[in-house]
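> Pasted the sequence and its predicted model underneath.
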Amino acid sequence: MSLLTRNRLAGFALALATFAVDRGVKAWIAGPLALPEQGAIYITSFFSLRWTQNLGVSLGLLSASSSEGRLALLAMTGLIALGVAIWMLREKAMGELAGLAVILGGAMGNIYDRFTRGYVIDYADLHFGEVRPFQIFNLADAAITLGVLILLARSLFSREKREPGSPSPTEI
């Protein structure tokens, strides 16, 4: 098995692990912890667990309350996840594969919720007093954000290897 094949398999394993951890946390939040009945659990002065049913996507955008809207949102997010999986099959760099993997795993976690429940379970509430710099989110959202940040950092700060004798980007 080639190194590239092993890297891709590791990427898909990371996506699956991200999905599994997200599912486990959400099952614990909805089940044994009984967060829906408790409303909120204060962990620290700036972080609490708070049950929210998110009908939209990231930060509650594109909220879909009708069954047609939810189906359209499910199809759209499914197509995006498929695009990320195809990108992973074509990607060669391990850093990019890692970023894409956590994006895919997070997307799968939220798609699973949307498909089985009609909404996404959000629970992580980061706050400073009454100031909330973010909407309530979940592990899948954090994984997607982390993956995007990895891709952005790799794009901005990694040096591409050029073929000897090829012009630099500033020479084109």
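That came through fine. These numbers were taken from a predicted model, which means no experiment stands behind them.

> Quick one: list the elements packing against the longest helix along the chain.
Among the elements of type helix in the chain, defined by DSSP state H, the one spanning the most residues is helix 3-30. The helices and strands touching helix 3-30, judged by 3 or more CB pairs under 8 Å, 6 or more residues apart in numbering; DSSP states H and E, are helix 67-90, helix 94-117, strand 120-126, helix 139-157. (Each C-beta comes from the backbone N, C-alpha and C, glycine too.)

> Give me the helices and strands touching the next helix or strand after it, please.
Counting by DSSP states H and E, the next helix or strand C-terminal to helix 3-30 is helix 35-38. The criterion is 3+ CB pairs under 8 Å, 6+ apart, and the helices and strands that helix 35-38 contacts are strand 47-54.

> now for the strand it packs on, which elements pack on it?
Helices and strands touching strand 47-54, as assessed by 3+ CB pairs under 8 Å, 6+ apart, comprise helix 35-38, strand 40-42, strand 120-126.

> partners of that strand, with directions?
Strands that pair with strand 47-54, judged by DSSP bridges, come out as strand 40-42 (antiparallel), strand 120-126 (antiparallel).

> I'd like these as a markdown table, with distance to Ser158 appended.
As requested, these are exported to a markdown table (distance: least, CB to CB, whole Å):
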| stretch | distance to Ser158 |
| --- | --- |
| strand 40-42 | 41 |
| strand 120-126 | 30 |
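
> deepest of those, which one?
strand 120-126 (a mean of 22; mean count of other CB atoms under 10 Å).

> Alpha carbons of that strand, as PDB, please.
As requested, C-alpha coordinates have been extracted for strand 120-126 and formatted as PDB (Å, rounded to 0.1, in the frame of the first residue of the first chain):
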ATOM      1  CA  VAL A 120     -29.100  19.700  14.800                       C
ATOM      2  CA  ILE A 121     -28.300  19.400  18.500                       C
ATOM      3  CA  ASP A 122     -26.300  22.300  19.700                       C
ATOM      4  CA  TYR A 123     -25.100  22.500  23.300                       C
ATOM      5  CA  ALA A 124     -21.800  24.300  23.800                       C
ATOM      6  CA  ASP A 125     -22.300  27.900  25.200                       C
ATOM      7  CA  LEU A 126     -19.200  30.000  25.400                       C
END
